[in-house]
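K.L.:
Structure of the sequence below:
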Amino acid sequence: MSLVEIFFFRIKDPSHILCKAGTFVVLAWMLGASLSAQQSVIFDMVRVPLVVTDQSGVYVSGLGPEDFRVLEDGVEQQIQIFNAPDSPITFAVLVDGSVSMATRLPTVRLAVRELLRGLGPGDFVQMVQFNDRVSILEDFSARRDALEAAIDSFSSSGTTAVLNAVYRGLREIESRARQERDESRRRAIVLLSDGVDSASLISEDAVLSEARRSRASLYSVGLGQNLSSRLAAGARGARGAELLRELSRITGGRVIVPASFDELQGAFSQVSEELRRQYGFAYVSDNVRRDGKWRQIEVTVRNRPELRVRHREGYYAGLYSSAR
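P.N.:
You can find the predicted model right below:
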C-alpha cells in the first residue's frame, strides 16, 4: 500500500470530534490505493462561527450539533467539530487612534475595558491602535495587566486608515490560527472607529477577499458623528459604512452604532455578550474540488424555523483551510 500522509487538525479536547476513528482508517485505505508515496492529502476544515437568537433578539443557548442543519450549495454537510459558547476565543481589538479621537480617549478606554471584562482564562487578545499606521500595542495575550497597560497607552494623532487596520487584523488572526492549530477556539475582530477612511493603501476588494478567507467574525462599533462631519464625508462616508456592514455580513459578525458617544460602553457590552454566546462548528465539504470557487453556506436549527441564525456567508474552495 502507498504511504499516505493525512494532515487533518489538532484540538485540545478530543471529545469535540464527532467522527469515529474508523472512518479515517477506511478513508486512509481508500486514498492509499490511488495516491503515490510522494503525495499528501490536506482536508479543508470549513469553520463556521454563528449566533442564534429568537425573533426578539434574545440569544438561544443549550443547542448541540444535532440541532443544526448545514447546507453547502444546497447539499447537507456533516458537522465534525462542534464548539459550544464556552469555548475559548482569540480576538483582536482595533481602536481608531486618529486625531479626531483626542477628546474621546477616556470613554474609549472605559469601553474597551468593558469588553475585556468578559474574558475567560483561555482567551487571548491582541490590542491594536491605528491612524495612518497600524501599531500592535499588545500581541495576543491573556495577561490582564499587559492588556490594561496597552489600553492606558492609547493616543491620538494623524489620519484614519480603517481598511489597512482591518486587513492587518484579518491577517494577524489567520497567522495566529495557524500557530494555535486549535479548531475548538473561536476567533473575532472588534473594530472601533469614528471616521471615514482617509489614508488606506489597501483596496476594498483586497479587504473583502481576505474577509471571505478569514476564520474570524468582524464586529464593528461606530461612533456617532455630528451632521456637519457626515455631510462633509458625503458619498465616501456612506460607502465606508456600507463596506463595514458588508464585512460583518460576510464574516457572520455585526455592526453596532451607538446613538451617542455616551452609549459606547453599552455597545461594547453587547459585543462582549455576543462573543460569549457564539457557537462554532467545522465540517469537511463533500465537494472535494479545490477549484477556488465561492460556496454558499446556509445554517438552520432543525424543527425551529422561528429561530434566527447569523453566520458567515460562505468560503472559497481550497482557499479556506485549517491547514493553510
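K.L.:
what's H311 sitting at in phi/psi?
P.N.:
With angles defined as degrees, to the nearest 10, H311 sits at phi -150, psi 170.
K.L.:
Who does it form a beta bridge with?
P.N.:
Counting by DSSP bridges, H311 forms beta bridges with L50.
K.L.:
Could you report the separation of it from V162?
P.N.:
Distance, H311 to V162, using CB to CB, to the nearest Å: 24 Å. C-betas here are computed from N, CA, C, even on glycine.
K.L.:
Run a quick neighbour tally on P65.
P.N.:
The number of residues packed near P65 is 18, by other CB atoms under 10 Å.
K.L.:
Excluding sequence neighbours, find me the nearest residue to S203.
P.N.:
Take S203 and drop its neighbours on the chain: the residue closest to it by CB to CB, 6 or more residues apart in numbering is L163, 7.5 Å away.
K.L.:
Which neighbouring residues are in contact with the one you found, exactly?
P.N.:
Shown in contact with L163 (CB atoms under 8 Å, 6 or more residues apart in numbering): D197, S200, I202, S203, E204, V207.
K.L.:
Just the buried residues from those, in ChimeraX please.
P.N.:
With 16 or more other CB atoms under 10 Å as the criterion, this ChimeraX line picks the buried residues out of the contacts of L163:
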select :197,200,202,207
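K.L.:
Quick check: the two most widely separated of the contacts of L163?
P.N.:
Maximum pairwise distance in the contacts of L163, criterion CB to CB, is 11.1 Å, between D197 and S203.
K.L.:
quick one on the thing from earlier: report the backbone C-alpha coordinates of the helix or strand where the residue nearest to S203 lies in PDB.
P.N.:
With elements taken from DSSP states H and E, the one containing L163 is helix 162-180. Provided in PDB are the C-alpha atoms of helix 162-180 (Å, rounded to 0.1, in the frame of the first residue of the first chain):
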ATOM      1  CA  VAL A 162      -9.600  51.800   8.500                       C
ATOM      2  CA  LEU A 163      -9.000  49.400   5.600                       C
ATOM      3  CA  ASN A 164      -5.400  49.000   6.400                       C
ATOM      4  CA  ALA A 165      -6.300  48.100  10.000                       C
ATOM      5  CA  VAL A 166      -9.000  45.600   9.100                       C
ATOM      6  CA  TYR A 167      -6.800  43.900   6.500                       C
ATOM      7  CA  ARG A 168      -3.900  43.700   9.000                       C
ATOM      8  CA  GLY A 169      -6.300  42.400  11.700                       C
ATOM      9  CA  LEU A 170      -7.600  39.600   9.500                       C
ATOM     10  CA  ARG A 171      -4.100  38.600   8.500                       C
ATOM     11  CA  GLU A 172      -2.900  38.600  12.100                       C
ATOM     12  CA  ILE A 173      -5.800  36.400  13.200                       C
ATOM     13  CA  GLU A 174      -5.100  34.000  10.400                       C
ATOM     14  CA  SER A 175      -1.400  33.800  11.400                       C
ATOM     15  CA  ARG A 176      -2.300  33.200  15.000                       C
ATOM     16  CA  ALA A 177      -4.800  30.500  13.900                       C
ATOM     17  CA  ARG A 178      -2.000  28.700  12.100                       C
ATOM     18  CA  GLN A 179       0.100  28.800  15.200                       C
ATOM     19  CA  GLU A 180      -2.600  27.600  17.500                       C
END
